[in-house]
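A.B. asks: got a predicted structure plus its sequence, pasted below:
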Amino acid sequence: MARFNYRGKAIEDLQKMNTEDFIKLMPSRQRRTIKRGQVKNHAKLFKRIDEAIKQLKEGKPQRMIKTHLRSLVITPNMMGLAIHVHKGNEFKKVVINEKMIGHYLGEYTLNRKMVKHSSPGVGASKSSKFTQVK
């Protein structure tokens with residue numbers, strides 16, 4: 001099986017890169033998002049991510065990381081972490097793997113449900129009462 005590469009670079013190389021070099025490999029939208037700077041909430045989340053990475057390296061279980069920041073770009077140092085991302089009414093667990101690098105957290109937690117219609121409700125028009133009954 002072939003090893004996964006991100007833009008021609010191995011995962012180990014990406015993890016050793018500094019942020020400046022990694023940004024050059026990203027698509028333009030993600031590059032602009034990161035260059036624009038971090039919001040206060042992003043800094044808090046990165047602090048929690050760094051703590052979780054230290055815990056994993058020490059062999060301890062990872063503390064739960066919850067966030068509402070769906071616009072966070074996934075970087076190589078987040079590999080292997082489980083982050084709970086808010087999807088509007090609940091938090092969904094996202095385990096980050098190498099194929100998610102460069103994408104946003106919100107892409108992996110869909111916040112819309114599929115619409116399933118049933119019989120007409122109260123206040124429906126007269127013509128809708130003649131729909132087929134199951």
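C.D. replies: That came through fine.
A.B. asks: next up, the contacts around the residue nearest to the spatial centre of the chain.
C.D. replies: The centre of the chain sits closest to Leu105, judged by CA atoms, centre = their mean, with a distance of 1.5 Å. Contact analysis of Leu105 by CB atoms under 8 Å, 6 or more residues apart in numbering lists 67, 69-72, 74, 83, 85, 94. All C-beta spots, glycine's among them, are computed from the backbone N, C-alpha and C.
A.B. asks: with Ile96 instead?
C.D. replies: So Ile96 contacts 74, 78-83 (CB under 8 Å, 6+ apart).
A.B. asks: change it to 10 Å
C.D. replies: 49, 74-83, 103, 105, 108 (CB atoms under 10 Å, 6 or more residues apart in numbering).
A.B. asks: what residues does stretch 46-58 touch?
C.D. replies: Contacts for stretch 46-58 (CB under 10 Å, 6+ apart): 38, 60-67, 72, 75, 77-83, 96.
A.B. asks: show me which of the residues you listed are buried.
C.D. replies: 65, 67, 72, 75, 77-79, 81, 83, 96 (16 or more other CB atoms under 10 Å).
A.B. asks: format the residues you listed as CSV; extra columns: secondary structure and pLDDT.
C.D. replies: As requested, the buried ones among the contacts of stretch 46-58 are exported to CSV (DSSP: H, G, I helix; E, B strand; the rest coil; pLDDT from 0 to 100):
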residue, secondary structure, pLDDT
Ile65, strand, 94
Thr67, strand, 94
Leu72, coil, 90
Thr75, coil, 89
Asn77, helix, 88
Met78, helix, 89
Met79, coil, 88
Leu81, coil, 92
Ile83, strand, 95
Ile96, coil, 93
